[in-house]
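# here's my sequence, what's the structure:
(2 chains)
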Protein chains: 2
Amino acid sequence: MQLVKAEIIAIGDELLYGQIMDTNSHWISQELDLVGVKVVRKTTVGDNRTDILTAFAEAEKRAKLILITGGLGPTQDDLTKPLLAEYFGCEIREVPEAVEAVTDFFRRRGREITPLNILQGHLPTCCTYVPNEVGTAPGMWFEQYGAYWMSMPGVPYEMKKLMKDFVLPKLPHIFQLPVIYHKVIKTVGIGESWLADLIKDWENALPEHIRLAYLPSPGHVKLRLTAFGTDRSELEQQVAQQIELVMPLINNYVYGYDEETLESAIGKLLKSAGKTLALAESCSGGYISHLVTSIPGSSNYFNGSVVPYHNQFKQNLLGVKAETLNSHGAVSEETVKEMAEGVRKLFGADFGLSSSGIAGPDGGSAEKPVGTVWISCSGEGFTEAKKLQLTQDRMLNIQLTGVAVLNLLRICINQNNK
Amino acid sequence: MQLVKAEIIAIGDELLYGQIMDTNSHWISQELDLVGVKVVRKTTVGDNRTDILTAFAEAEKRAKLILITGGLGPTQDDLTKPLLAEYFGCEIREVPEAVEAVTDFFRRRGREITPLNILQGHLPTCCTYVPNEVGTAPGMWFEQYGAYWMSMPGVPYEMKKLMKDFVLPKLPHIFQLPVIYHKVIKTVGIGESWLADLIKDWENALPEHIRLAYLPSPGHVKLRLTAFGTDRSELEQQVAQQIELVMPLINNYVYGYDEETLESAIGKLLKSAGKTLALAESCSGGYISHLVTSIPGSSNYFNGSVVPYHNQFKQNLLGVKAETLNSHGAVSEETVKEMAEGVRKLFGADFGLSSSGIAGPDGGSAEKPVGTVWISCSGEGFTEAKKLQLTQDRMLNIQLTGVAVLNLLRICINQNNK
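Numbers count the residues shown, from 1 in each chain, chains lettered A, B, ... in the order given. Model prediction:
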């Protein structure tokens, strides 16, 4: 089935010059995606007559639904309304109902209305007036040139209310909408290309109506399955079947689905296992503790952490042996193991995690270049360690160490549960 | 003077589906605005041949500089590279230097390279290869059809590095750019409207060619002065004079200029004073340690930190009295003071900082609602504490606590130096 195509046009110089981030288009995309309308393009143009008219003409060629935000203020540089009137060849006339609404908006706030604001109740004769209960600029709905057009203010909560109250409820009545179902598989510890290699046969065998996308971010790759059809539960089933097929290939790398994060997945694993956690962070400097404690309720399984930024504290607080530090150095398998064991004892936790490395940009050597990191996980009866060779970028190294340490814990818990 | 026109094209279904927010285009807009290049349009298209080629053709009609992000992964759904080659009518061939770079990227990580990744070193013959040091997809620079084109990965930190290292430095050589001079004053601990009130007379007296912008972010407000003219050193002088005029009004809130962050400013203060720092983080859960250690060379002044997520560790590690916890609770002036003093001793530091509060969403009470946070700074002969009433949002509370604690330290150091 042919999907209804939509375009989003955001209007305003402040968006082009980076003074304001356009969060509206992102939100609208998500809402349309949920109801099975396919956004084929997002465009941002400035407060410029030619650019705006061109954007209208281009959009009309491609889309049946055109959603426009911004450029509806009462001032000279707000061009959306006059240009829509010009584009559709109709006049702007007073709409008493709209004038009353904007007047009332000011009355309720005990503020005097200005002539400029009264003009906000004057609308193109070819549009349907859509009341804006939370602002002064009305929504305008057009059915012109075989497409549906909606003009909304750029203020996010005003736009959202008009979308929820008017546009979204209207769509099923004017379009035959399909069902789209998304499922995102979250993986960690494997690069995009290895993942692609692992699952290429499965990917090539996917049915026409199920699409796969790779969404990488540092240390993670998300696999997004998108299924198109008419029956949601059917699609859910078909996607579930595909996931069953692919899981044996990638099981070890999958930590969750959809909104799950690695730190929230870790939290669930620890909770369900009734286990607790402690951290000794050297090169990651508190970042992993921050990730863990960013999850509500983490106090149920997180006992605490230490950032021993100098060797003396690795000794005094964590009981790392001076001899170990002298003979192997702070960035070594032996040291991170003793750190993990030490912090586990210190906080009486089931699992102790540690990191020690050269985050950079300084401190590297030929033998241990910047990006050399050792991590360890210690639990009842075991202590594992792993060496990472990361990047030249300090922040990225801290971030990647965090992912690697949490992933090591995930693996240790899973082995522990077997 | 006619400004150079630029367009930004973001490519990827995930952007149209609203699965990922396009922050790249916003960042690029800001960077181009700073150097006087005028972004006339931003376009987002999906992983679709026709849509991408149309976007290229439309952009070419309008802009001299076309910046493209995304669609460069090694997988089947990444179309940018082949379509650029098709659009400019050239082949894709192996670039040994690029293959070597991507191979080396994997070698440095002790990982095996896949055939898919090797192909990332194959580029259109009509482009200039631009090395990507922090990722596997190279940048591609084209000078075609009277415009300059740059294709970059969609991963923000990869794109930013290519922009900073290659694109932005190149612009003055290929375009005649206006002289624009920016100076940003970084303030903390005062809201935008109070700041505006403090400096309104100064602001109103600013000369025509110097503009002021307020750039607020959680806990901070940046004041950006932008001067337009023909002679840079002249503009620098004029802006410096304006800053001299305004500083007496806002001195207490200013921690630096331009790229300075609060954590880097703190680092400089500690270094120049030859002082060291230790942290005891309860509700901030390691976030402040992360901020401090994100600064290269922080090991020179940061001794370490503890995240005592349960009361017992506040007692055992920091020596907080059981009596204090029982009579006043963990979230109290008395407790944070003992935490700050305790961690200062534990790490033998000149300054001890602490935080304890209810980050939320749970744990609030009538007397101590979510968002109640106590912070403290202890040094030679003094211990100061401050109460914060923050928000309902856990992450925002953690973030705002971090800013408040570092600002408290900034104030303590400055008083200490007097």
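# pLDDT score assigned to the residue nearest to the spatial centre of chain A?
With distances taken as CA atoms, centre = their mean, the residue of chain A nearest its centroid is A:Glu259 (8.9 Å). A:Glu259 is assigned 90 on the pLDDT scale.
# ok, now how distant is it from chain B?
From A:Glu259 across to chain B, the span is 11 Å (CB to the nearest CB, to the nearest Å). All C-beta spots, glycine's among them, are computed from the backbone N, C-alpha and C.
# you'd agree that residue is in a helix?
No - counting by DSSP: H, G, I helix; E, B strand; the rest coil, A:Glu259 is located in no helix; its state is coil.
# what about it? Give its phi and psi, please.
Note on A:Glu259: its backbone torsions stand at phi -80, psi 0 [degrees, to the nearest 10].
# quick one: it and A:Pro216, what's the gap?
18 Å (CB to CB, to the nearest Å).
# and what of A:Met159?
31 Å.
# now A:Lys268
Taken as CB to CB, the span from A:Lys268 to A:Pro216 is 24 Å.
# ok, the two, which is more surrounded?
Set A:Lys268 next to A:Pro216 and count neighbours by other CB atoms under 10 Å in any protein chain shown: A:Pro216 wins out with 20 against 14.
# circling back: for the residue nearest to the centre of chain A, give me its contacts.
By CB atoms under 8 Å, 6 or more residues apart in numbering or on different chains, the contact set of A:Glu259 is empty.
# my read: A:Leu83 touches A:Arg49, true?
Yes - at 6.4 Å, A:Leu83 counts as touching A:Arg49 under the criterion of CB atoms under 8 Å.
# please say which of those two ends up with more neighbours.
A:Leu83 (22 against 11).
# distance of the more buried one relative to chain B?
Counting by CB to the nearest CB, the gap between A:Leu83 and chain B amounts to 16 Å.
# with A:Leu249 instead?
15 Å.
# what is the helix or strand where that residue lies packed up against?
Taking DSSP states H and E as the criterion, A:Leu249 maps to helix A:232-250. Packing partners of helix A:232-250 (3 or more CB pairs under 8 Å, 6 or more residues apart in numbering or on different chains; DSSP states H and E): strand A:179-188, helix A:192-204, strand A:210-217, strand A:220-229.
# separation between the residue of the stretch 51-200 of chain A found nearest chain B and A:Pro207?
Closest residue of the stretch 51-200 of chain A to chain B, CB to the nearest CB: A:Ser193 (4.4 Å). Distance, A:Ser193 to A:Pro207, by CB to CB: 24 Å.
# ok, A:Leu396 next?
Using CB to CB, A:Leu396 is found at 38 Å from A:Pro207.
# which of those two has more neighbours?
Using other CB under 10 Å as the criterion, A:Leu396 and A:Pro207 rank with A:Leu396 on top: 19 against 10.
# per-residue pLDDT of that one, please?
94.
# can you verify A:Ala85 is assigned to a helix?
Yes - assessed by three-state DSSP, A:Ala85 belongs to a helix.
# wait, what's in contact with it?
A:91-92, A:124, A:126.
# in strands, which of the residues you listed appear?
Mapping the contacts of A:Ala85 onto strands (DSSP state E) picks out A:92, A:124.
# of the contacts of A:Ala85, buried ones?
A:92, A:124, A:126 (16 or more other CB atoms under 10 Å in any protein chain shown).
# what bridges to the first one?
The reference is to A:Ile92. Listed beta-bridge partners, A:Ile92: A:Pro124 (assigned using DSSP bridges).
# that one touches A:Leu123, doesn't it?
Yes - counting by CB under 8 Å, A:Ile92 touches A:Leu123, with 6.4 Å between them.
# what's the burial count for A:Glu208?
Residues near A:Glu208, counting by other CB under 10 Å, number 6.
# SS state for it?
Following three-state DSSP, the label given to A:Glu208 is coil.
# returning to what we had before: need the helices and strands packed on helix A:232-250 in CSV (columns: mean pLDDT).
Formatted as CSV, the helices and strands packed on helix A:232-250 follow (pLDDT from 0 to 100):
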stretch, mean pLDDT
strand A:179-188, 92
helix A:192-204, 94
strand A:210-217, 88
strand A:220-229, 92
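# to A:Leu353, which of those lies closest?
Ranking the helices and strands packed on helix A:232-250 by proximity to A:Leu353 (CB to CB) places strand A:179-188 first, at 15.2 Å.
# and for stretch A:397-404, what's in contact with it?
A:188-189, A:218-220, A:262, A:283-285, A:287-288, A:291, A:355, A:357, A:359-360, A:370-371, A:373, A:375, A:386, A:388, A:390-391, B:290, B:293-294.
# residues touching stretch A:405-416, excluding its own?
Contacts of stretch A:405-416 (CB under 8 Å, 6+ apart): A:188-189, A:219, A:252, A:255, A:262-263, A:265-266, A:269-270, A:273, A:275, A:277, A:284, A:288, A:291-292, A:351, A:353-355, A:375-377, A:379-380, A:382, A:384, A:386.
# remind me, longest helix of chain A?
The longest helix of chain A (DSSP state H) is helix A:394-417.
# so which bits of the stretch 201-350 of chain A are right by chain B?
A:203, A:212-218, A:224, A:226, A:279, A:281, A:285-290, A:292-294, A:296-299, A:302-310, A:313, A:317, A:346-347 (CB under 8 Å from any CB of the partner chain).
# and stretch A:78-98, how far from the chain's centre?
The chain centre lies 37 Å from the centre of stretch A:78-98; the measure is CA atoms, centre = their mean, to the nearest Å.
# quick one: mean pLDDT over it.
For stretch A:78-98, mean pLDDT is 96.
# give the buried residues for it.
A:78-81, A:83-88, A:90, A:92, A:95, A:98.
# okay, those residues in CSV with distance to A:Glu60 next?
Written out in CSV, the entries for the buried residues of stretch A:78-98 read as follows (distance: CB to CB, whole Å):
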residue, distance to A:Glu60
A:Asp78, 22
A:Leu79, 18
A:Thr80, 15
A:Lys81, 18
A:Leu83, 13
A:Leu84, 12
A:Ala85, 16
A:Glu86, 14
A:Tyr87, 9
A:Phe88, 11
A:Cys90, 16
A:Ile92, 21
A:Val95, 25
A:Ala98, 25
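# now for the helix or strand of chain A with the lowest mean pLDDT, which elements pack on it?
One helix or strand of chain A scores below all others by mean pLDDT, DSSP states H and E: helix A:115-118, with a mean of 86. Packed against helix A:115-118 by the contact rule (3+ CB pairs under 8 Å, 6+ apart) you find helix A:96-108.
# now for the helix it packs on, which elements pack on it?
Packed against helix A:96-108, as judged by 3+ CB pairs under 8 Å, 6+ apart, are the following elements: helix A:115-118, strand A:122-124.
# of the ones you listed, which is nearest B:Val179?
Between the helices and strands packed on helix A:96-108, helix A:115-118 lies closest to B:Val179; by CB to CB that is 36.2 Å.
# run the chain-centre distance for that closest one.
Computed by CA atoms, centre = their mean, the separation of helix A:115-118 from the middle of its chain amounts to 40 Å.
# run through who's touching it.
With CB under 8 Å, 6+ apart as the criterion, helix A:115-118 contacts A:74-75, A:99, A:102-103, A:106, A:136.
# export the residues you listed to a markdown table and tack on neighbour count?
Conversion of those to a markdown table gives the following (neighbours: other CB atoms under 10 Å in any protein chain shown):
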| residue | neighbour count |
| --- | --- |
| A:Pro74 | 15 |
| A:Thr75 | 7 |
| A:Val99 | 19 |
| A:Val102 | 23 |
| A:Thr103 | 16 |
| A:Phe106 | 15 |
| A:Thr136 | 21 |
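# among these, find the lowest-pLDDT one for me.
The pLDDT minimum for these sits at A:Thr75, where the score is 73.
# which SS state does that one fall under?
Assigned by three-state DSSP, the conformation of A:Thr75 is coil.
# the closest residue to it other than its chain neighbours: neighbour count?
Closest residue to A:Thr75 apart from its sequence neighbours, by CB to CB, 6 or more residues apart in numbering or on different chains: A:Leu116 at 7.2 Å. Counted with other CB under 10 Å, residues neighbouring A:Leu116 total 12.
# repeat that for A:Met247.
A:Met247: 11 neighbours (other CB under 10 Å).
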